[in-house]
Structure formats: structure tokens, C-alpha cells
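Colleague: Give me the fold of what follows.
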Amino acid sequence: VCRQQPSNPTAVLFLARLYGETGEWAKTEAVCRQYLQDQSADRSMRLLLARALLARGGDARSKEAGEIAWNVFQEGLRGGEELEAVMNILFAAGLSARCRQIIAQFESQGSAPDNLLAIGRASFIAGDLATSARLADQVLVAQPKNINALMLASDTETRLGAQSDDASHYEKGATLYERILATAKTSTAAANNLAWTLGVLLGKEQRGLETILRYIPAASEPSPIVPTDVLDTVGTLHLRMNRNDTAREYFEAITQREPNNATAWFRIGQIHDRTGRTDRAEQCFAKARELAPTENWQVRKAEAGLGN
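Modeller: Got it, this is the predicted structure:
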């Protein structure tokens, strides 16, 4: 379609997103830049270009990504999805001061539910969990089935659990994800987050696996149609249950899709180490170190029960 209609925004955006889903961010960048030569005002394509720049890494690309996101914000945001995209890009680009400027601007615009959720999600991204929890609860008092408020509240609880090592936050987060799925059974994000919370954070691996397969049946195998974060969750759950060969299939599927995914390479190395293939394990660990040199892999290996 793109060859026949190079200015078709739906087809071009979908193609660019598909390249990103398979880890081919250089192609995403190229498609976006070519399209934006003639359609420079397309906001969705500009934000996708910023994501591609961040994924490819480097100071110059991060700076350009931040500038793109800031310009989109200054033109006026069109809904919560744009706000979340802009905040994520700015935060990843290290522009936390601009994140705070956005929060302050929204705080001055009143207390309508959509505005409160915008402030709450922006606060969550910036790490202000007290504010995100308070605003999500405030919206849920008036609108108990508001999916966006439930998702913000559940994400905040699981993040609080990670910071405090308090399992009660994980339990509350799981309950909130279940409330979302009672209303929106096709929410991949809620299903994946619920499975991770149950299986990894609360140590109920079998229940977590059953949960994700109930809501995302395609995840029963490492299929190309399964999102990367779901592959990671299912692989991690199998790994925790010592189903090493099955786990490896999921993490290898991730590296085929995203060759620069350092965590997936680390997990494959962990499986090889566990099954006595130390040479192949060290090759995978070396690959992870190469891809993410600033990560403290010795700590990660210690947490996984591995040697030096």
C-alpha cells in the first residue's frame, strides 16, 4: 500500500510501527523521515520518530527526540495518549524539568476527570507516585469504572510495591487489574501486568501463567503476533518454574525480533548457565554487556543465583 500510496498516513504509520515492533528502529526512523518531508505537521509520525530515535540511542538522537516531543506539547496536546507519549519521551531523554513544567501547566487547568488523569499519568512517569495515587483515587470516587483511572491506580500500586518491598501494594495492584479485565477483557496491558504481578512480584507463577493465557491465548507459544512484553512475561514465568527449554524459546523469539534487547540475551545466558552450557552462557552474558554497558550485570547475575 505504501508503494502505491506513499502519502497514505494510515499505511505509512502502520508500517513504521511494525518495523518498531520487530526492533528495526532504523527502518522506522527512515520511513518517518521520508513521510515527514511532505507532511511535516503529522503529530503521530513525529512522536513515532522520537521513539525510534530513543530506541536507537546516542546523545544526538536523544536530544532530537526531546525537541520533537517538546514541540508537539507546545502546539497543544490532543488527548491523554499524546500526553503520555510526550512525557515518556521527555523523561527518557533526561528532560525531567520539562516534565515538571507540563505537570504544572495541567494543574492550573482545573479538576475535570480527564485533566486529573493527565496530571496523574504525567506524575507517575516523573516518579511522583503520591500524586498519581491521589488523583487516580479522586477520579475513581466519582467514576468507579473509569478504565484509565483504574490502570493508573494499579500501575502506581505495583510501582509503590517495588519501592517499598511491601506485598500489600502488589495485592492491591492485582485487584485493580482484575477490575479492569472485568470490564475490558481484551486489555493486553492489564492482562500482562496482572500476570507479572501475580507470577513474579507475588511468586504465584502458575496462577500468573494461567491468567495471561486466559486473556491472551496466542501467548501459549512465542508467536510473531504476541507483543514483546507479553513474550517476556511468559518466558519469565516458565523460567521461574524451571521450564528452561520453553523459557528459552520465548526469549530467543524476543532476540529475533529485537536483537538489541539486552535483558533477553541475559535470560538466555541464565538458562544456558542453569543447564550446564557455560560457554554459551558467557557468550550471551557478553552480548548483554555489549548492548547495555552501564547495567550492573554482576548484581543481576547475583540476583539470579549465578556466579561471576
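Colleague: Could you use CA atoms for every contact and neighbour count after this?
Modeller: Will do.
Colleague: neighbours around Gly276, how many?
Modeller: Neighbours of Gly276 under the rule other Cα atoms under 10 Å: 10.
Colleague: ugh, typo on my part, it should be Asp38
Modeller: 10.
Colleague: Repeat that for Gln109.
Modeller: 10.
Colleague: so is it in a helix, a strand, or just coil?
Modeller: When classified by DSSP: H, G, I helix; E, B strand; the rest coil, Gln109 comes out as coil.
Colleague: got the residue ranges for the strands in this protein?
Modeller: Ranges of strands in the chain, per DSSP state E: none exist.
Colleague: in it, which segments are predicted with low confidence?
Modeller: Low-confidence segments of the chain, defined by pLDDT under 70: 79-80, 110, 299, 301-308.
Colleague: Give me the residue at the spatial middle of it.
Modeller: With distances taken as Cα atoms, centre = their mean, the residue of the chain nearest its centroid is Asp229 (7.0 Å).
Colleague: and that residue, what does it touch?
Modeller: Asn192 (Cα atoms under 8 Å, 6 or more residues apart in numbering).
Colleague: State the distance from Leu117 to Leu83.
Modeller: Distance of Leu117 to Leu83, computed by Cα to Cα, to the nearest Å: 10 Å.
Colleague: so where do the helices sit in the stretch 101-250 of the chain?
Modeller: For the stretch 101-250 of the chain, the helices defined by DSSP state H, counting those that start in this stretch cover 113-126, 129-142, 147-164, 167-183, 188-196, 205-215, 228-240, 244-257.
Colleague: nearest to Arg33, of the ones you listed?
Modeller: When the helices of the stretch 101-250 of the chain are compared by Cα to Cα, helix 244-257 sits nearest Arg33, at 22.4 Å.
Colleague: Distance of the residue of the chain positioned farthest from its centre relative to Leu13?
Modeller: Distance from the C-alpha centroid of the chain peaks at Gln4, with 33.1 Å (Cα atoms, centre = their mean). Separation of Gln4 from Leu13 (Cα to Cα) stands at 15 Å.
Colleague: ok, now Glu171?
Modeller: Per Cα to Cα, Glu171 is found 38 Å from Leu13.
Colleague: before we move on, what about Thr233?
Modeller: From Thr233 to Leu13 the distance is 27 Å (Cα to Cα).
Colleague: which of the two has more neighbours?
Modeller: With neighbours defined as other Cα under 10 Å, Thr233 and Leu13 compare such that Thr233 has more, 25 against 18.
Colleague: which ones are touching that one?
Modeller: Counting by Cα under 8 Å, 6+ apart, Thr233 has contacts Asn192, Ala195, Trp196.
Colleague: could you flag which of these are buried?
Modeller: Burial by neighbour count, 16 or more other Cα atoms under 10 Å: within the contacts of Thr233 this picks out Asn192, Ala195, Trp196.
Colleague: Quick check: the residue farthest from the centre of the chain vs Leu18, distance?
Modeller: 18 Å.
Colleague: ok, now Pro144?
Modeller: Pro144 is 35 Å from Leu18, where distance means Cα to Cα.
Colleague: do the same with Ser62
Modeller: 21 Å.
Colleague: more neighbours, those two?
Modeller: Between Ser62 and Leu18, counted using other Cα under 10 Å, the more crowded position is Ser62 (24 against 15).
Colleague: from what I can see that one touches Leu54, true?
Modeller: Yes - Ser62 is in contact with Leu54 according to Cα atoms under 8 Å; the separation is 5.4 Å.
Colleague: Tell me the residues that contact both of these two, please.
Modeller: Ala93.
Colleague: so Arg51 makes contact with Ala65?
Modeller: Yes - the pair Arg51 and Ala65 qualifies as a contact (Cα under 8 Å) at a distance of 7.1 Å.
Colleague: circling back to that earlier point, tell me the one among the buried ones among the contacts of Thr233 nearest to Gln206.
Modeller: For those, the residue nearest Gln206 by Cα to Cα is Ala195; the value is 9.5 Å.
Colleague: Could you measure from the closest one over to Leu140?
Modeller: Between Ala195 and Leu140 the computed distance is 23 Å (Cα to Cα).
Colleague: go on, Thr263?
Modeller: For Thr263, the distance to Leu140 (Cα to Cα) stands at 36 Å.
Colleague: Between those two, point out the one with more neighbours.
Modeller: Neighbours were counted for Thr263 and for Leu140 using other Cα under 10 Å; Thr263 has more, 22 against 17.
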